[in-house]
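1. pasting the sequence and the predicted coordinates here, then a few questions.
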Amino acid sequence: MENIIRIKRAVFYGYHGVLSEEQNMGGKFEADVDIYTNFGDAATHDNLKETVNYTNVYEFINKLVIEKKYHLIETLALRIADGILEQFDKVNKIAVRIRKHTVPIGGYVDCVEAEVIKEKGEK
């Protein structure tokens with residue numbers, strides 16, 4: 001059985017972007033994370049230790065967002081996906097979407113989004 005735990009629109013403040021202004025002033029970033037796991041036993045036993053603790057996942061993402069500046073949101077999404085697969089053994093597959101709302105492209109867009117989908121053991 002495969003189940004999904006979703007973290008939707010988690011908001012972080014980071015310093016990611018190609019332009020020096022983006023890396024100095026920072027901006028708001030959002031993340032959606034789809035965690036593919038099997039939480040059947042955890043649900044049956046009502047036991048957090050048998051599933052993926054989404055609070056720990058959120059804290060892991062927050063640390064990654066603030067610890068380093070990346071030029072690309074693609075890089076940030078990949079680092080988050082790889083880190084979650086490595087750090088959380090109950091995660092079988094992960095989908096990470098990173099949205100950037102303040103985008104200096106010479107016109108108005110709501111946001112730009114990059115998505116990474118990976119399975120455990122995939123390079």
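-> Ah, there it is. Residues are numbered from 1 along each chain as shown.
2. for this protein, name the helix or strand with the lowest mean pLDDT.
-> When each helix and strand of the chain is scored by mean pLDDT, DSSP states H and E, helix 20-25 comes last, with a mean of 76.
3. list the buried residues of it.
-> E22, Q23 (16 or more other C-beta atoms under 10 Å). For every residue, glycine as well, the C-beta is placed using N, CA and C.
4. tell me the strands beside the helix or strand just after that helix, with direction?
-> Downstream of helix 20-25, the first helix or strand assigned by DSSP states H and E is strand 27-37. Strands that pair with strand 27-37, judged by DSSP bridges, come out as strand 3-14 (antiparallel), strand 93-100 (antiparallel).
5. including mean pLDDT, distance to F39 and mean neighbour count, could those strands go into CSV?
-> Formatted as CSV, the strands paired with strand 27-37 follow (pLDDT from 0 to 100; distance: least, C-beta to C-beta, whole Å; neighbours: other C-beta atoms under 10 Å):
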stretch, mean pLDDT, distance to F39, mean neighbour count
strand 3-14, 94, 5, 14
strand 93-100, 96, 14, 22
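6. out of those, nearest to V65?
-> strand 3-14 (4.2 Å; C-beta to C-beta).
7. who touches that closest one?
-> The contact list for strand 3-14, computed with C-beta atoms under 8 Å, 6 or more residues apart in numbering, reads 26-40, 51-52, 54, 57-58, 61-62, 65-66, 69, 76.
8. hey, C-alpha coordinates of that strand in CSV?
-> What follows is strand 3-14, C-alpha atoms only, in CSV (Å, rounded to 0.1, in the frame of the first residue of the first chain):
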residue,chain,number,x,y,z
ASN,A,3,-0.1,6.6,1.0
ILE,A,4,0.7,10.3,0.6
ILE,A,5,1.3,12.8,3.3
ARG,A,6,1.2,16.4,1.8
ILE,A,7,2.7,19.6,3.1
LYS,A,8,1.0,22.4,1.2
ARG,A,9,2.2,26.0,0.8
ALA,A,10,4.8,26.0,3.5
VAL,A,11,6.3,29.5,3.5
PHE,A,12,9.9,30.3,4.0
TYR,A,13,12.1,33.4,3.6
GLY,A,14,15.2,32.8,1.7
